[in-house]
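Asks: Next comes the sequence, and after it the predicted model I'd like to discuss.
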Amino acid sequence: MTDAAPGSAPPGVAEHAPENWVPVERRFLGFDKATIVPSVVILVFVLALGTWLPNINKLISYDNEAKAGDVLDLGEGIRITPVPGWNIVSGLRVTDEPNTGRGSIENTVTLVSGAVTFQVVRAPFAGTTSELLDQVNRNNELLKDNQGFHVTSPAATATTSQGDEGLVERYAGTDTEGITAAFIFGDQGVKVTAVGPQGAVRDQVNDVATMIDSLSYQPQGA
């Protein structure tokens with residue numbers, strides 16, 4: 001993903017693919033059963049990111065600052081490199097060994113800089129990048145009455161430094177603004193969200209773009 005100047009729209013507009021038809025036996029309340037669990041996880045994180053996290057960030061000081069060379073492990077062969085100076089709220093460095101082994105790596109990385117929260121969530125997802133982003137947007141529709149979430153830019157192609165393509169778009173709420181990106185790595189969906197008060201994400205869009213660029217994937221056993 002190429003760095004963009006603050007306030008500029010993400011480059012390279014990409015059209016959404018048509019939604020696939022889902023047989024009745026695979027549907028529950030109108031949703032594909034295979035997407036319900038990751039969708040609920042995404043909805044919970046959107047609620048958190050859009051409401052209490054930006055406010056809590058102002059009240060908490062962190063002492064786990066990312067340094068040059070740090071790489072965070074999301075499991076399933078997926079990694080991300082934080083920009084030095086961002087505080088690591090959750091996430092495991094590849095140089096750290098969890099107490100219960102590498103198989104216990106959590107699927108979430110949360111970074112904070114000022115009033116901006118940057119979060120990466122990995123979950124199994126049986127679909128395309130367009131379908132994942134569409135699912136996120138449908139979930140965001142549930143928040144409109146209270147949060148005013150709405151997409152403010154067309155979905156655009158985001159290409160990592162490794163060459164993997166995803167989709168990225170901007171959104172805004174009553175008191176917040178943000179960027180959401182979606183990638184598919186193997187059988188895993190990855191949702192990236194940067195959120196903060198109005199103007200805050202635009203001020204840090206270069207750091208956000210750099211961290212999205214740094215997403216990498218190496219299939220396990222490869």
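Replies: Here it is on my side, so go on. These numbers were taken from a predicted model, which means no experiment stands behind them.

Asks: neighbours around the closest residue to residue 72 other than its chain neighbours, how many?
Replies: Nearest non-adjacent residue to residue 72, counting by C-beta to C-beta, 6 or more residues apart in numbering: residue 91, 4.2 Å away. All C-beta spots, glycine's among them, are computed from the backbone N, C-alpha and C. The local packing of residue 91 (other C-beta atoms under 10 Å) involves 23 other residues.

Asks: same deal with residue 68?
Replies: Residues near residue 68, counting by other C-beta under 10 Å: 9.

Asks: quick one: it and residue 82 touch, right?
Replies: No: with contacts counted by C-beta atoms under 8 Å, residue 68 stays clear of residue 82, the gap being 10.0 Å.

Asks: taking the mean pLDDT, what do you get for stretch 212-222?
Replies: Averaged across stretch 212-222, the pLDDT comes to 89.

Asks: Can you tell me the element residue 206 falls in?
Replies: According to DSSP states H and E, residue 206 maps onto helix 205-213.

Asks: typo on my end, it should be residue 170
Replies: strand 165-172.

Asks: Would you indicate which residues of that strand are buried?
Replies: 166-172 (16 or more other C-beta atoms under 10 Å).

Asks: ok, now stretch 121-139?
Replies: For stretch 121-139, a neighbour-count test (16+ other C-beta under 10 Å) marks 121-123, 125, 127-137, 139 as buried.

Asks: about what we covered before: give me the angle between the strand holding residue 170 and helix 205-213.
Replies: 150 degrees (axes from the mean of the first three to the mean of the last three C-alpha atoms, to 10 degrees).

Asks: Dump strand 165-172 to PDB, keeping only the CA atoms.
Replies: Written as PDB, here are the backbone C-alpha positions of strand 165-172 (Å, rounded to 0.1, in the frame of the first residue of the first chain):
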ATOM      1  CA  GLU A 165      -3.800  -7.700  -2.200                       C
ATOM      2  CA  GLY A 166      -6.600  -6.600   0.100                       C
ATOM      3  CA  LEU A 167      -9.300  -3.900   0.200                       C
ATOM      4  CA  VAL A 168      -9.300  -0.600   2.200                       C
ATOM      5  CA  GLU A 169     -11.900   2.000   2.800                       C
ATOM      6  CA  ARG A 170     -12.500   5.000   5.100                       C
ATOM      7  CA  TYR A 171     -15.400   5.400   7.400                       C
ATOM      8  CA  ALA A 172     -16.700   8.000   9.900                       C
END
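
Asks: Tell me the strands beside it, with direction?
Replies: Neighbouring strands of strand 165-172 in its sheet, by DSSP bridges, are strand 150-151 (antiparallel), strand 156-159 (antiparallel), strand 176-185 (antiparallel).

Asks: Tell me which of the ones you listed sits nearest to residue 110.
Replies: Closest approach to residue 110 among the strands paired with strand 165-172 is made by strand 176-185 (14.0 Å; C-beta to C-beta).
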